[in-house]
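**Student:** build the 3D model from these lines:
(3 chains)
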Amino acid sequence: MAEGGGRGDAGDKARDEFLSEAQELVDGLGRDLLTLDEGLKAGRVDPELINDVFRGVHTLKGLSGLFGATRMAGLSHELEDVLDDLRLGRIDVTPTVLDLLFQAVSLYARLLTAQSSDAPEPEREVEQLLLAVGQLSQRRGGGGGGVVAQYELDPGLLGVLTEYEEHRLRANIQQGLALFRIRARFSLATIDSSLDELKAQARPLGEIVTYLPTGSGANVDTIELEILMASRASLSALQAAIVGPDISIEDVARRIGPSARPAHAAPVAGAASAGASFAGPGMVAPSATPRHASGPARPSQEPTAGAKTPSIAVTPNPPAAASLRGPAPNRELSLRSASQTVRVDIRKLDRLMTVVGELAIVKTAIAKLTDRVRRRGAEPRELSIELGRLNRTFERHLAQMQSGILEVRMVPLGQAFDKLARIVRQISREHDKDVNLVVTGADTELDKLIVEELSDPLMHMIRNAIDHGIEARDERLSVGKPPIGTIALNAFQKGNHVVIEVEDDGRGMDHGALVAAAVRRGIVSPEEAQELTESEMLALVFMPGFTTKEVATDLSGRGVGLDVAKTNISKLGGVVDITSDVGIGTKMTITLPITLAIIHVLLVEIGAHLFAVPLASVEEAIVLDEGKVRTVESRDVLTVRGTSLPICRLARLFGLPASHRDGHGPFVVIARVGARRLGFVVDELVGQQDIVIKPLGKSLKGVRGFAGATELGDQRIALVIDVAALIEEVLLPGEVRFLAAAEDSGRRNGTLEASRRAGRT
Amino acid sequence: MVEDSVSTRAFVRAVLESADFATRQGACEVIEASSGFEALRLLPRGPYDLIVTDINMADINGLEVIRFIRSSAHHRATPLLIISSLHGEHDIERGLALGANAYLPKPFTPEQLGEMCARLLGAERTRVGRSEPPSGGP
Amino acid sequence: MPTLKGRTERRAARRAGETGKRVEYLAFGLAGETYAVQIAHVAEILRPPPFTLVPRASETVLGVISVRGKLVTVIDLRRRFRLPPAAIDRKSRILLADAGTGEQIGLLVDDVQQVWRLASEEIEPANVLGGEQAPHIAGIGRPTASDGAMLILLELRPVLESP
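**Tutor:** Alright, predicted model coming up:
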């Protein structure tokens, strides 16, 4: 646990809210920075965006302080200064500055994770970043205080402007925009949407500086606002664009003559006299300038090395920047959120409540029926019909509830994709390559748990694509490719699965080179190498032996973390396929089941035991015609409607005696995951059912082929078959046996021969 | 309590509605407003014994809320506490000038918040001379 | 009227009390011998419900059962300790063992006997049996208040961690 956890008295609920809110803020920061980055590339800087980032960091500072996350607070403190400089125009927004901000966001993410788990805090990296950030911060006075006095603005209004709003006002005036006053009256009940409308109308024409509620508040239903806006457009243009029932616009008159004494000096003087109303210095004391006390010493208090130079923006400061980009760049350890909460669309909850209401009605009907039975001993046939009807209604509503609740757990993949966009930027800069990330289908939804678990595997794949796939600018140009590489992230739903593709337009993978590297590292023997199919060759990158990263541009260098990625995806019940063309690119395809917890299954009997096969992976079930079975290279293959289907006799695989009744079965359940099909031979088909799948304990983790188990009621348990694992086990003997042999013998010399002998199906 | 951060509101609520605070001040009910607009909506539903507000909020900022509160007959004298990350001294000064009674910079401990609120509520009590404990605070 | 046996027990208890802390062990029978485990590690004792076979699991795993909605792996201690197998009968029980490995595991035993409170001098270390003993033997318990009863004390972690 990170330090500063002693706020138990402020409530655990508050702390949960903190983690959730902080996570959202950090995510929002990431998104805003990406937008800023894009804007910067196009030559625009949106001041509102910078202010949003400032406010985000400002809020994070307050929160982390309140909840004892001291390091986060310290980091926020420094960032806030830089962002203040940025939003007040004291520093320019440059790519280097953005880099530091991006790094800060990853550090935030890691600090948050440390708050809710046992992961250590990234102390050193935070210190390095603080150093670099401190050197950025400049203290130059904001110029041009007198311009505001040119306008006839009510001192009352000026007195309620925050420092930032004042700056924006000044900046706009200096740039030659005119000021307008919009008076509007809104109903308090609908003010949010009315205001959104007004903002949308105003945005293209200029900037709104502040909203001031006028009036006495005596009327509880409506509110009057005075809105100050800066714009280059004419009054009539504004009046035409911003319309509403109670809206009037006028210019703010300019003062004639030399500028009067700045109106806002008055409130400052007032503050001194207002001091008398304090209850004493005691109240001010607790604040005892935490600015100076808390956090690292602020470099802006002492003369900073390069701060005296009048030139704008960032002093290059190579040492700090280089050390941050050098041998130990901010590696993203994990992209998982620190928070376990889900934002729910309230309409989903409303629908659930309706179903609960329906269930209540069924309950009443059952009670009435019970009554009738008790009192009149009613006709059994009549009763059974009614009961049957009620049961069906009940089942229907229950199913609705189940899917409703599962829906609540669904979140859009965009959540994971946003974080990946940051990674792409970071890694591309690390490698000095230009990479563009194109995303489609970000609103495809998956169970929140799956989306969380996917962040890391996707990160590994993208890192790989950039490290080894995308070529350096010059190399790309020399082969006629555009200098900017592209990585496409596509997500879409396909039946009961979600497919995610990671595609790059880089070098592609050379099968020959892959195999050669695998042989060199002892992952396969030369003889085995001969027998690999093309897809098996590509799948070699997922072998643990490929984990060592090679500095050379050797294609076989791919594989940092890909084996881990594959394992994680299998744990989610998914599979990964690769296709690649040399010189053109590589595509990795992940296929996943949509939800974890409740699944439709086909119950089957194998050797007098019950098993469940997830229907999501089942294409169909047919009777086995032994006459159509051939043996091809020690594998049984069935011909189904003219095509070949490899089959697996599960009774044999599981070591159980076959138990089908004569003349009835066995059956073949044709299963498919990704591009692979396999027919499972079972003794009986029992029926279809919805089940809740539960995990098997750690003690059984060595047992292959089962995704979990479920209770069928009556204390009967059926093991749920892991279709993807079995398909792999049976269809890709090379791949799986390498893994098995490697695990068993503990080293990479598991030969295909030995494992084939050991585990022939 | 006018504050746009969910968790800060939860924190303040936890402190003010805690048993500890209750033994000193009597039971306290916290009414939350997540924006300046909501504060304006809730204001007429007073009276309130204490108002706690942040400064940096979107659209209507805390200063504007303070000014509005002080201009209404009912809340001209209600104790008003600013909680704010001590970034803009300028902003806090303005707030005090507009009539806030005190400010407590973030981060603060539950004890500091409790102390401060108790003092503000107590001051009011002795001033107005009420005998029952105060009954609420947004 | 306090019996002779009662007085012996009380004297033993007093003597044991003088030397300090006692640990409670649950004794159970397995292939004619009496074993015992610390009762703190036994979450529950159940009559064996029907269990479901897990194909290709290790030999010692009898299957999985459901305990109030949770799936629990059941280990046959006879097989684990290489004792001759036996059928399950009315007296068989499953001990739900929890030794901090993060998972509760069911242990099938022949019958469950009583709880003994053993003081440290009533426990002999494992090597008293001579030579290297299996890691799952923690020692031998000889409760003084009994008639020379001998309890084979089990170390649960090795049993649970490598079924």
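**Student:** with adjacent residues omitted, what lies nearest to the most centrally placed residue in chain A?
**Tutor:** Taking Cα atoms, centre = their mean, the centroid of chain A lies closest to A:A416, which sits 2.3 Å from it. Take A:A416 and drop its neighbours on the chain: the residue closest to it by Cβ to Cβ, 6 or more residues apart in numbering or on different chains is A:S455, 4.7 Å away. C-betas here are computed from N, CA, C, even on glycine.
**Student:** how many neighbouring residues does the one you found have?
**Tutor:** 21 (other Cβ atoms under 10 Å in any protein chain shown).
**Student:** what mean pLDDT does the helix or strand A:A360 falls within get?
**Tutor:** Per DSSP states H and E: A:A360 is located in helix A:346-376. The average pLDDT within helix A:346-376 is 81.
**Student:** kindly report the same for stretch A:101-118.
**Tutor:** 85.
**Student:** buried residues, it. List them.
**Tutor:** A:101-116 (16 or more other Cβ atoms under 10 Å in any protein chain shown).
**Student:** starting at the chain centroid, how far to stretch A:205-223?
**Tutor:** The chain centre lies 38 Å from the centre of stretch A:205-223; the measure is Cα atoms, centre = their mean, to the nearest Å.
**Student:** start and end of that stretch, how far apart?
**Tutor:** In stretch A:205-223, first residue to last residue: 24 Å (Cα to Cα, to the nearest Å).
**Student:** what does the pLDDT read for the residue nearest to A:A416?
**Tutor:** Confidence at A:S455, expressed as pLDDT, is 84.
**Student:** so how far is the helix or strand that contains it from its chain's centroid?
**Tutor:** Assigning secondary structure by DSSP H and E places A:S455 in helix A:448-464. Remark: helix A:448-464 is offset 9 Å from the chain centroid, using Cα atoms, centre = their mean.
**Student:** next SSE after it?
**Tutor:** Following helix A:448-464 in sequence order, the next helix or strand is helix A:473-478 (DSSP H and E).
**Student:** please report how far A:F180 lies from A:F186.
**Tutor:** Separation of A:F180 from A:F186 (Cβ to Cβ, to the nearest Å): 18 Å.
**Student:** circling back: so which of the buried residues of stretch A:101-118 are also by chain C?
**Tutor:** For chain C, no contacts are drawn from those by Cβ under 8 Å from any Cβ of the partner chain.
**Student:** show me where chain B has strands.
**Tutor:** Using DSSP state E, the strands of chain B run over residues B:51-53, B:80-85, B:102-106.
**Student:** one step back: buried stuff in the helix holding A:A360?
**Tutor:** Buried positions in helix A:346-376, judged by neighbour count with 16+ other Cβ under 10 Å: A:351-352, A:355, A:358-359, A:362, A:365.
**Student:** same deal with stretch B:29-49?
**Tutor:** Within stretch B:29-49, the residues that count as buried by 16+ other Cβ under 10 Å are B:30-33, B:35-43, B:46, B:48-49.
**Student:** residues from the stretch 601-750 of chain A in reach of chain B?
**Tutor:** Checking the stretch 601-750 of chain A against chain B by Cβ under 8 Å from any Cβ, there are no hits.
**Student:** okay, now the unreliable bits of the stretch 601-750 of chain A?
**Tutor:** Residues of the stretch 601-750 of chain A that meet the criterion pLDDT under 70 lie in A:660-663, A:692, A:713-715, A:733-750.
**Student:** give me the residue from it nearest chain C.
**Tutor:** A:F654 (3.4 Å; Cβ to the nearest Cβ).
**Student:** show me the contacts for that residue.
**Tutor:** Going by Cβ atoms under 8 Å, 6 or more residues apart in numbering or on different chains, A:F654 touches A:606-607, C:55-56.
**Student:** just A:V604 next, same as before
**Tutor:** Counting by Cβ under 8 Å, 6+ apart, A:V604 has contacts A:610-613, A:667, A:669, A:680, A:682-686.
**Student:** what's the neighbour count on C:R80?
**Tutor:** The burial count for C:R80: 20, using other Cβ under 10 Å.
**Student:** for B:N61, grab phi and psi.
**Tutor:** Note on B:N61: its backbone torsions stand at phi -80, psi 170 [degrees, to the nearest 10].
**Student:** just the pLDDT for the nearest residue to it once chain neighbours are set aside.
**Tutor:** Closest residue to B:N61 apart from its sequence neighbours, by Cβ to Cβ, 6+ apart: A:T162 at 5.3 Å. Here, the pLDDT recorded for A:T162 equals 78.
**Student:** with A:R757 instead?
**Tutor:** 41.
**Student:** identify the residues contacting the residue of chain B found nearest chain C.
**Tutor:** In chain B, no residue comes nearer to chain C than B:S7, which is 31.6 Å away by Cβ to the nearest Cβ. The contact partners of B:S7, taken as Cβ under 8 Å, 6+ apart, are A:14, A:17-18, A:20-22, A:63, A:66-67.
**Student:** might you list the low-confidence residue ranges for chain C?
**Tutor:** C:1-20, C:68-69, C:102, C:129-133, C:162-163.
**Student:** so where do the strands sit in it?
**Tutor:** Ranges of strands within chain C are C:22-30, C:33-38, C:42-46, C:61-67, C:70-76, C:93-97, C:105-109, C:111-119, C:123-125, C:137-141, C:151-154, based on DSSP E.
**Student:** just so I know, which of the ones you listed lies nearest A:V730?
**Tutor:** strand C:61-67 (23.0 Å; Cβ to Cβ).
**Student:** what strand or helix carries the one residue in chain A that gets nearest to chain B?
**Tutor:** Nearest residue of chain A to chain B: A:G65, at 2.4 Å (Cβ to the nearest Cβ). A:G65 is part of helix A:47-66 when elements are defined by DSSP H and E.
**Student:** may I have that helix as CSV, with CA atoms only?
**Tutor:** The C-alpha trace of helix A:47-66 is given here as CSV (Å, rounded to 0.1, in the frame of the first residue of the first chain):
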residue,chain,number,x,y,z
PRO,A,47,-6.7,27.9,-24.5
GLU,A,48,-9.8,26.2,-23.1
LEU,A,49,-8.2,22.9,-23.5
ILE,A,50,-5.2,24.0,-21.6
ASN,A,51,-7.4,25.4,-18.9
ASP,A,52,-9.2,22.0,-18.7
VAL,A,53,-5.9,20.3,-18.2
PHE,A,54,-5.0,22.8,-15.5
ARG,A,55,-8.3,22.3,-13.7
GLY,A,56,-7.9,18.5,-13.9
VAL,A,57,-4.5,18.7,-12.3
HIS,A,58,-5.7,21.3,-9.8
THR,A,59,-8.5,19.0,-8.8
LEU,A,60,-6.2,16.0,-8.6
LYS,A,61,-3.9,18.0,-6.3
GLY,A,62,-6.8,18.8,-4.0
LEU,A,63,-8.1,15.3,-3.9
SER,A,64,-4.7,13.6,-3.4
GLY,A,65,-3.9,15.9,-0.6
LEU,A,66,-7.2,15.2,1.0
